[in-house]
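Enquirer: Okay, here's the prediction I keep looking at, along with the sequence it came from:
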Amino acid sequence: MPRRLTGFTPSGHLHLGNYFGAMRPIIGAQGADTVVFISDLHALTLDHDPADVRQRTLEFATLLLAAGLDPDACQFMVQSHVPEHTELHYLLECVTGYGEAQRMIQFKEKSRRQEHIRMSLLTYPILMAADILLYDTDEVPVGEDQRQHVELARDVAIRFNTRYGATFTVPRAVNPPVAARVMDLSAPTDKMSKSTSSAAGALRLLDEPDQLRRKIMRAVTDAGTTVTYDPEHSPGVANLLDILAGCTDADPRELATKFERYGELKAAVADAVVDTLAPVRARYLELAARPDHVREVLRAGAARARVRAGETVGRARSAIGLLPT
């Protein structure tokens, strides 16, 4: 099986779109060649509250475990607990051009919104390349917004291998598994987001059942009255049908034929979402009451990860010309 890697940056709130699009697919296919990590170092590229980063790191790790991630079946850890990530980051900076980093689309977009631009915002795609190359990753499931970063990792790996000898597995970006498209409930033409969606627009994984129901019942629909699946002309209704489809593994077009009124549809979506997330939330509350257990899982995962990561860094150090310790 190809080795696959997925990271979760601990900012904002994990929501139903993250569950459908990233969490459920990796948990469903987890095995010895699955690498999942909390990319806490990436959360430092923008202004942040240190206590919030620590809290979100533990929360995200606990949610992944609650959703069914098995730390004994796959590689699971926190990025900063494996110092080889930052060591390889520097070695890769030594073969990456300034122009390559500056051309990253996300750097251009985020830097335009800030007066003080952190150097880490410029170089974090190289850290992302280190994350990928450190574990001999074959495939990285990413959306279009992250594909450019995987291409940078490929370019850097090929350049390093060409100049200094075969060292890294060259990764490739792959389309993530098809998942229900989940849009903002209050702005159904925008994607549901961990950080930019309002509390009313996002179905957060830790919302209480009553909160989930209220948000869904107040979701923006459309001017018409007929339940049809038409994302272009009726994005609000289409979003509700997509959410219901994601919960029930059904076709949203077929689901549309089962409802005559928006209220009926919203009630069905609310029931399905609550039923889908209830086991995750219940397990989360159990694990959250045992934070030391979760931290021990992460410590053990980091210790396992450092074995493979150390081998990769050792190859890179030797290849690039550093004296062995």
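Expert: All right, it came through fine. Numbers count the residues shown, from 1 in each chain.
Enquirer: got the contact list for stretch 116-128?
Expert: Contacts to stretch 116-128, defined as CB atoms under 8 Å, 6 or more residues apart in numbering, come from residues 7, 39, 41-42, 44-46, 85-86, 89, 92-93, 96, 101-102, 104, 106-107, 110-111, 114, 149, 152-153, 156. For the C-beta atoms, the positions are set from N, CA and C on the backbone; glycine is no exception.
Enquirer: now that stretch, how far from the centre of its chain.
Expert: Offset of stretch 116-128 from its chain centre (CA atoms, centre = their mean, to the nearest Å): 18 Å.
Enquirer: picking up where we left off before, buried ones from the contacts of stretch 116-128, can you make that a PyMOL selection?
Expert: For the buried members of the contacts of stretch 116-128, the matching PyMOL selection, counting by 16 or more other CB atoms under 10 Å, is:
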select buried, resi 7+39+41+42+44+45+46+85+89+92+93+96+101+104+107+110+149+152+153+156
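Enquirer: for this structure, what are the low-confidence residue spans?
Expert: Across the chain, the ranges flagged by pLDDT under 70 are 105-115, 178-179.
Enquirer: mind listing the strands for it?
Expert: Secondary structure of the chain (DSSP state E): strands located at 4-8, 34-38, 75-78, 139-141, 172-174.
Enquirer: How about residues contacting the second one?
Expert: Residues from elsewhere that reach strand 34-38 (CB under 8 Å, 6+ apart): 3-10, 26, 30, 57, 60-61, 64, 69, 73-79, 131, 135, 137, 305.
Enquirer: so what strands line up beside that strand?
Expert: Strands flanking strand 34-38 in the sheet, each with its direction: strand 4-8 (parallel), strand 75-78 (parallel) (DSSP bridges).
Enquirer: give me every residue that touches the closest residue in space to P71 that isn't next to it in sequence.
Expert: Beyond its immediate neighbours in the sequence, the residue positioned closest to P71 (CB to CB, 6 or more residues apart in numbering) is V297, lying 5.1 Å away. With CB under 8 Å, 6+ apart as the criterion, the residues that contact V297 are 61, 65, 71, 76.
Enquirer: same thing with A32?
Expert: 1, 73-74.
Enquirer: Mind giving me the ChimeraX select for those, buried ones only?
Expert: This is the ChimeraX syntax for the buried subset of the contacts of A32, where burial follows 16+ other CB under 10 Å:
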select :74
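Enquirer: Can you tell me which of the contacts of A32 comes closest to K191?
Expert: Among the contacts of A32, C74 lies closest to K191 (CB to CB), at 27.1 Å.
Enquirer: Quick check, that closest one in contact with Q30.
Expert: Yes: taking contacts as CB atoms under 8 Å, C74 lies within contact range of Q30: 4.4 Å.
Enquirer: the longest helix in this structure is where?
Expert: Of all the segments of type helix in the chain, defined by DSSP state H, the longest one is helix 291-320.
Enquirer: tell me the domain boundaries of this structure?
Expert: Annotated domains of the chain cover 4-175+291-320, 209-286 [automatic domain parsing].
Enquirer: measure the shortest one end to end?
Expert: Start-to-end span of domain 209-286 (CA to CA, to the nearest Å) is 17 Å.
Enquirer: Please apply the same query to the first one.
Expert: This stretch, domain 4-175+291-320, spans 26 Å end to end (CA to CA).
Enquirer: Now do E151 against T45, distance only.
Expert: Look at E151 and T45: by CB to CB, to the nearest Å, they are 19 Å apart.
Enquirer: ok, back up a step: of the strands paired with strand 34-38, which is nearest V237?
Expert: Taking CB to CB as the criterion, V237 comes closest to strand 4-8 out of those, the separation being 30.3 Å.
Enquirer: Check the offset of that closest one from the chain's centre.
Expert: Averaging C-alpha coordinates over strand 4-8 and over its chain gives two centres that are 7 Å apart (CA atoms, centre = their mean).
Enquirer: Pull up the distance across stretch 134-149, start to finish.
Expert: Across stretch 134-149, the terminal residues are separated by 15 Å (CA to CA).
Enquirer: that older thread, okay, and which of the contacts of A32 map to helices?
Expert: Mapping the contacts of A32 onto helices (DSSP H) picks out no residues; all lie outside.
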